[in-house]
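sequence and predicted structure, then a few things I'm wondering about:
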Amino acid sequence: MTKQQAVSNPTGELCLVGTPIGNLEDITLRALRVLREVDLIAAEDTRVTRVLLQRHEVKTSLISYHEHSGPGRLEQLLDLLRDGKRIALVSDAGMPGISDPGARLVKACAEAGISITIAPGPTAVSTALALSGMAAKEFVFLGFLPSRSKARQQVLRRVADQRGTIVVYEAPHRLIETLRDTMTALGDRQAVCCRELTKKFEEVIRGALSYFVEHFRRRAPRGEFTIVISGAPGAAERPRIRMDEAAAQTLELIADGMLPSKAVAHVARWRGVSRRALYQAVIGGESRDEA
């Protein structure tokens with residue numbers, strides 16, 4: 001592209017801006033400068049972002065951009081950027097593009113050759129990992145799990161053998177169900193439940209998944225949760241159980257729709273038993289049930 005072409009075909013810039021995950025003071029000086037300088041702020045929820053802007057006396061205009069925004073809104077933003085406007089993209093909390101629809105706009109800008117910059121900020125996943133004290137050299141971030149139990153367990157089973165720490169987000173009304181499904185898919189692992197991170201009622205609870213199920217059954221969960229779960233244990237750390245118990249767990253997975261071969265392999269790895277012996281125990285159990 002020649003200099004003359006660049007001048008006659010100017011394009012704007014998309015600025016990704018990280019916003020606080022709870023405490024409105026957790027915003028960088030650079031983020032505030034960018035929010036003041038841009039022509040427009042595209043926000044996941046304008047009501048949430050307006051509170052942040054009013055707190056820091058930012059008067060830039062807002063436009064909504066969320067998961068239910070149709071293709072027309074995306075094209076509107078792209079047209080503004082092609083016309084030379086600078087637009088900041090923010091989510092309700094944390095970094096845009098992580099567990100929100102921001103990635104669609106970023107991808108569209110990249111394909112259109114529009115400049116993209118970033119003013120990074122806090123995220124719940126890294127904050128919870130740091131607070132957990134669990135190994136963070138390698139971790140798997142799953143974001144919000146599916147709303148249906150069967151689909152949730154399928155996602156969790158795909159990472160059941162990962163040695164790295166697992167991080168998920170969850171809303172309070174689905175927390176207990178998610179904890180139960182996590183136990184079914186991964187076993188009763190150690191975990192850390194982080195609630196309302198950086199806010200006034202921040203709470204960090206440590207224990208086994210089974211403990212959390214009972215804890216939140218007695219005390220109704222409130223606020224948004226980030227759950228940090230220990231990775232798959234090594235063979236020496238796996239709990240020893242009787243073969244008939246392993247067979248019963250395998251049959252439960254099969255009843256939930258998992259292929260028998262995958263169910264046997266999963267339980268054999270997690271429980272540290274022979275795959276062949278477990279398969280024979282499962283077949284024997286099924287035969288007795290049919291009889």
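Cool, the structure landed.

make it CA atoms for all contacts and neighbour counts henceforth
Noted.

ok, the closest residue to F225 other than its chain neighbours - contacts?
Taking Cα to Cα, 6 or more residues apart in numbering as the measure, F225 lies nearest to R195, with 4.7 Å between them; neighbours along the chain are not counted. Contacts for R195 (Cα atoms under 8 Å, 6 or more residues apart in numbering) come out as 201-204, 222-226.

and with 10 Å instead?
The contact partners of R195, by Cα atoms under 10 Å, 6 or more residues apart in numbering, come to 128, 170, 172, 201-205, 221-227.

confidence score at it?
Per-residue pLDDT puts R195 at 95.

cool, D188 as well?
For D188, pLDDT reads 87.

grab the nearest non-local neighbour of it.
Excluding its sequence neighbours, the residue lying closest to D188 (Cα to Cα, 6+ apart) is L209, at 5.5 Å.

ok, A265 next?
Of all residues not flanking A265 in the chain, R275 sits nearest, at 6.2 Å (Cα to Cα, 6+ apart).

that neighbour against P260, yeah?
No - assessed by Cα atoms under 10 Å, R275 is found out of contact with P260, at 11.5 Å.

which phi and psi does R276 have?
With angles defined as degrees, to the nearest 10, R276 sits at phi -70, psi -40.

what is the neighbour count of it?
A count of nearby residues for R276, using other Cα atoms under 10 Å, gives 12.

which residues does it contact?
264-265, 268, 282.

among those, which has the minimum pLDDT value?
Scoring these by pLDDT puts A268 last, at 77.

quick check: closest non-adjacent residue to that residue.
Per Cα to Cα, 6+ apart, closest to A268 is R275, 5.3 Å.

any idea how far V267 is from that neighbour?
Look at R275 and V267: by Cα to Cα, to the nearest Å, they are 8 Å apart.

helix or strand right after the worst-scoring helix or strand of the chain on mean pLDDT?
Within the chain, no helix or strand scores below helix 3-8, which has a mean of 40 by mean pLDDT, DSSP states H and E. Next along the chain after helix 3-8, taking DSSP states H and E as the criterion, comes strand 13-17.

so what touches the helix or strand that that following strand is followed by?
Using DSSP H and E, the next helix or strand after strand 13-17 towards the C-terminus is helix 29-37. Residues from elsewhere that reach helix 29-37 (Cα under 10 Å, 6+ apart): 15-19, 28, 41, 53, 56-61, 86-90, 118-121.

moving C-terminal of helix 29-37, what's the next helix or strand?
Per DSSP H and E, helix 29-37 leads on to strand 40-43 as the next helix or strand towards the C-terminus.
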